[in-house]
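*Asks:* Turn this into a model:
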Amino acid sequence: MSTGDFLSDTAPSSAAQGATDRTAMICAAANELLAEDGLEGLTIRAVLARTGLARRAFYERFQGKDDLVLAVFAETLRNAGEQFGALAREAPDATEGLRRIVIGIVLGQLGFEPDIGSGHNRRSAALSREHLRLAESRPADLQAALRPLLDIIAWQVEQGIASGQFRDCDPQVHSKLVYNLVATTVHVELLAEEGGLPDYERRKQLAEAIWQFCRRATVADPTG
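*Replies:* Okay, here's the model as predicted:
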């Protein structure tokens, strides 16, 4: 089963709609459990108890826990791609658009918002651990989940090259370099903060430092 299958039900039939609803229920329950107790709390039994679904309903949609985690990744990163795409398109130029994406990843979808609290941080730390593990055990599926976010970064790089703001490069390769730098650094921070309260001021400083690094590696005139 590919990651795209997890959230791809589009048929208008009532059976398909019911399957889509059950998938959404299961993913929502998984997100709640990750926020409450981290990876230790995310078990198939706990998901079934939270949703009231039968075990058969779970296994009709997922082969196991790894598939469920991948579905949560796919949903999170698809939402991130949509959110950051909107921010980038509203930016006055490509440099500002890329800055909004980088800062947004550090403070938002893969990090935290200051008013969410430790539950979101536990969820993010748990997904960070699984991200690293799945990069080894399910690399193709993980890359499929990452594609919406990588595509919006690559699109912004293409816009910058076309306008002369960014140096010439392969946008797809550059998007992976930017994402890997940002995500790896954020993963380390999340794991260090796991179980405690996040330091929002520290994260803002980190976001700016990461952005300056990415900017110097991307823009045609890094001194400008």
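
*Asks:* For the strand or helix carrying Gly160, which residues meet the burial criterion?
*Replies:* Using DSSP states H and E, Gly160 maps to helix 139-163. Using 16 or more other C-beta atoms under 10 Å as the burial criterion, the residues of helix 139-163 that qualify are 141-142, 144-150, 152-161. For the C-beta atoms, the positions are set from N, CA and C on the backbone; glycine is no exception.

*Asks:* Now do that helix: which elements does it pack against?
*Replies:* On a contact count with 3 or more C-beta pairs under 8 Å, 6 or more residues apart in numbering; DSSP states H and E, helix 139-163 meets helix 3-6, helix 65-89, helix 94-107, helix 118-137, helix 171-193.

*Asks:* OK, contacts around the spatially most central residue of the chain?
*Replies:* Closest to where the C-alpha atoms of the chain average out (C-alpha atoms, centre = their mean) is Leu77, at 3.6 Å. Residues counted as contacts of Leu77 (C-beta atoms under 8 Å, 6 or more residues apart in numbering) are 109, 145-146, 148-149.

*Asks:* quick one: it from Ala28, how far?
*Replies:* 16 Å (C-beta to C-beta, to the nearest Å).

*Asks:* just to revisit the earlier point, report the lowest-confidence entry in the contacts of Leu77.
*Replies:* Minimum pLDDT for the contacts of Leu77 is recorded at Gln109 (48).
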